[in-house]
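Trainee: Got a sequence here, can you build the structure:
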Amino acid sequence: MHRTSLGLILLLAIVAVPEVAAQQLRQIGIQPPSRAALARDLEARVTALERAFARGNMTVVAGYYADDAQMIPPSGHRPHVGRAEITRFWRGVDDPRSWELETLDFGGTTDEAWQLVRSTMIQGSGPDPKPHVVRCLFIWRRQPDGSHRIHLDIWTNEEKS
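Mentor: Just a heads-up that it's a prediction; the model follows:
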């Protein structure tokens with residue numbers, strides 16, 4: 001089975017039925033991390049993203065994405081695929097101020113983890129810029145060098161209550 005297909009199947013299984021997925025992973029020789037360890041790891045990653053954004057270092061933000069990553073915005077907007085497009089997207093952010101990534105749910109393994117976040121981004125000039133709030137699903141994948149990078153970033157507009 002192709003690695004991407006296996007990864008997608010595992011992701012869907014982990015999201016849909018976490019306890020069954022963990023048992024199946026153990027059966028094929030993959031030990032899922034403890035929930036606490038995975039939470040610490042994912043929080044460290046998003047904290048680094050938030051800090052790079054607050055410093056205005058969009059090249060560093062883009063560097064958290066894999067070379068073959070995809071960013072998939074809400075319908076009506078075209079996806080950004082690959083290193084060059086993703087770097088261009090992040091460098092195009094005008095006057096970055098702050099980015100808060102609140103983890104809503106997460107799961108997976110240390111090799112491939114998923115993280116659902118509420119993203120609140122503030123950018124732009126003026127004394128009172130409005131926050132842009134979306135929900136994002138990050139798929140983090142271990143790279144050949146051992147680092148973790150975002151392989152897939154899907155976002156949708158936050159529903160207003």
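
Trainee: Below-threshold pLDDT in the chain: ranges please.
Mentor: 1-26, 30-33, 159-161 (pLDDT under 70).

Trainee: And the strands in the chain, which stretches?
Mentor: Under the criterion DSSP state E, the chain contains strands at 65-72, 80-81, 96-108, 112-123, 132-142, 148-157.

Trainee: which residue packs closest to the residue most central in space within the chain, ignoring adjacent ones?
Mentor: Nearest residue to the geometric centre of the chain (Cα atoms, centre = their mean): Phe138, 2.5 Å. Counting by Cβ to Cβ, 6 or more residues apart in numbering, Phe138 lies nearest to Gln115, which is 4.6 Å off, once chain neighbours are set aside. No exception for glycine: its C-beta is placed from N, CA and C like everyone else's.

Trainee: which outside residues touch the lengthiest helix in the chain?
Mentor: With secondary structure taken from DSSP state H, the chain has its longest helix at helix 35-54. Helix 35-54 is touched from outside by 33, 58, 60-61, 64, 93, 96-101, 103, 106-108, 110, 113, 115, 117, 121, 140, 148, with contacts defined as Cβ atoms under 8 Å, 6 or more residues apart in numbering.

Trainee: for Val60, what are its contacts?
Mentor: By Cβ under 8 Å, 6+ apart, the neighbours of Val60 are Ala52.

Trainee: how's this structure carved up into domains?
Mentor: Split into domains by automatic domain parsing, the chain comes to 1-32, 33-157.

Trainee: right, so those: which one is the most enclosed?
Mentor: Burial of the domains of the chain is given as mean neighbour count (mean count of other Cβ atoms under 10 Å); domain 33-157 ranks first at a mean of 16.

Trainee: now it, how far from the chain's geometric center?
Mentor: Remark: domain 33-157 is offset 5 Å from the chain centroid, using Cα atoms, centre = their mean, to the nearest Å.

Trainee: any idea how far the spatially closest residue to Glu158 that is not a sequence neighbour lies from Ile122?
Mentor: Nearest non-adjacent residue to Glu158, counting by Cβ to Cβ, 6+ apart: Val133, 4.2 Å away. For Val133, the distance to Ile122 (Cβ to Cβ, to the nearest Å) stands at 10 Å.

Trainee: And for Pro129?
Mentor: 5 Å.

Trainee: picking up where we left off before, in CSV, list the strands of the chain along with distance to Arg51.
Mentor: Converted to CSV, those look like this (distance: least, Cβ to Cβ, whole Å):
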stretch, distance to Arg51
strand 65-72, 16
strand 80-81, 22
strand 96-108, 9
strand 112-123, 14
strand 132-142, 16
strand 148-157, 16
